[in-house]
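> Give me a model of this one.
(2 chains)
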Amino acid sequence: GESVGLHLPTLSVQEGDNSIINCAYSNSASDYFIWYKQESGKGPQFIIDIRSNMDKRQGQRVTVLLNKTVKHLSLQIAATQPGDSAVYFCAEKMSFGNEKLTFGTGTRLTIIP
Amino acid sequence: GAVVSQHPSWVICKSGTSVKIECRSLDFQATTMFWYRQFPKQSLMLMATSNEGSKATYEQGVEKDKFLINHASLTLSTLTVTSAHPEDSSFYICSARDGRGFGLSDTQYFGPGTRLTVL
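Here you go, the predicted model:
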C-alpha cells in the first residue's frame, strides 16, 4: 500500500550545525506535504508545507525540498538550537479535497550542546 | 492565530468508565476536525474525521460505538471513549482544518493532546 516513511529514526546534530531530515513517499498522486515538529508530551506543531507544483520553500531557519522524480521530501534546519530537539514528522495528503493526512514514522532529532 | 485546545490535558480513569475529551478551535472556525491516537514512540494514527453537523467518518478498525465523536459546532468536537479499558490508554490528539482561505485550506493545526490512562 501507499506509505510515507522516513529514512532514519534518529539524528544527532551539534548545536549550530545544519540538520537534514529526509522522508520518502510512494504515492505520486500526493500533492501537499507538511512537516510537523512534536515535542515530548505535546501535539504536533506545524513547521512548513509545500505543494507539488513547487520544489523548494523556505521559512525561518527551515527549508523544505521536494523531489517529485524520486518521491523524496526533506527538511533542512539551519543553525540548530537546543530547542530544535524533537520528533519530526512528514505528512502527505493524497489529493486536494481529501482531508486525510498520512504521517510518516518520525525522526527524533537531538541537538548536542 | 490557528490555535487548537484540548481538555483535559490528562486523565486517569478506572476500567469500564467513560471519558470525554474536548477539542476546540479558539480563533477560527473548523468545519472539519480530526481525531488521532498515538502510542509511545509511534506515529499518529487517524481514528476519525469529524464534520460539523454530520456523522463522523471512522477509519477502518476503529469502533464507532466505542469512540463516540460529536461535532456540534464549528469550534468544538468531542471524543468520548466509552467503557474504557487499559488497552485504550494512549495519547489522543485532535486537529482542526482552517477553512478560511484557499491558501490555508489544507493545513491542519493540532491540539496539545490528552494523555488517557485507564487503570
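
> Would you map the strands across chain A?
Under the criterion DSSP state E, chain A contains strands at A:4-5, A:10-14, A:19-25, A:32-38, A:45-51, A:56-58, A:62-67, A:72-77, A:86-93, A:101-103, A:107-112.

> Which strands border the fifth one, and is each parallel or antiparallel?
As defined by DSSP bridges, the strand partners of strand A:45-51 come to strand A:32-38 (antiparallel).

> where do the helices sit along chain B?
Counting by DSSP state H, chain B forms no helices at all.

> Direction included, what does the worst-scoring helix or strand of it on mean pLDDT pair up with?
Taking mean pLDDT, DSSP states H and E as the measure, strand B:108-110 is the helix or strand of chain B with the lowest mean score, a mean of 89. In the sheet, strand B:108-110 lines up against strand B:90-97 (antiparallel) (DSSP bridges).

> in chain B, what residue is nearest chain A?
Taking C-beta to the nearest C-beta, chain A has its nearest neighbour within chain B at residue B:110, 3.9 Å off. C-betas here are computed from N, CA, C, even on glycine.

> my read: that residue touches residue A:39, true?
No: at 11.7 Å, residue B:110 and residue A:39 do not qualify as touching, with contact defined as C-beta atoms under 8 Å.

> who's more crowded, these two?
Neighbour count, other C-beta atoms under 10 Å in any protein chain shown: between residue B:110 and residue A:39, residue B:110 has more, with 23 against 12.

> picking up where we left off before, contacting residues for the residue nearest to the residue of chain B closest to chain A when sequence neighbours are not counted?
Spatially, and ignoring its direct neighbours in sequence, residue B:110 is nearest to residue A:43 (3.9 Å; C-beta to C-beta, 6 or more residues apart in numbering or on different chains). Residue A:43 makes contacts with B:4, B:6, B:93, B:95, B:110-113, as judged by C-beta atoms under 8 Å, 6 or more residues apart in numbering or on different chains.

> and stretch A:94-113, C-alpha only, in CSV?
Taking Å, rounded to 0.1, in the frame of the first residue of the first chain, the C-alpha atoms of stretch A:94-113 are listed here in CSV:
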residue,chain,number,x,y,z
MET,A,94,-3.3,12.2,-1.3
SER,A,95,-5.4,14.7,-3.3
PHE,A,96,-7.0,18.1,-2.9
GLY,A,97,-10.3,17.7,-1.1
ASN,A,98,-9.3,14.5,0.6
GLU,A,99,-8.9,15.7,4.1
LYS,A,100,-6.8,12.8,5.5
LEU,A,101,-3.2,13.3,6.3
THR,A,102,-0.9,10.3,6.2
PHE,A,103,2.0,10.6,8.6
GLY,A,104,5.5,9.1,8.4
THR,A,105,7.1,7.2,11.2
GLY,A,106,9.0,10.2,12.6
THR,A,107,12.7,11.1,13.1
ARG,A,108,14.0,12.0,16.5
LEU,A,109,16.4,15.0,16.2
THR,A,110,18.7,15.5,19.1
ILE,A,111,20.8,18.7,19.3
ILE,A,112,24.1,18.2,21.1
PRO,A,113,25.2,21.3,23.1
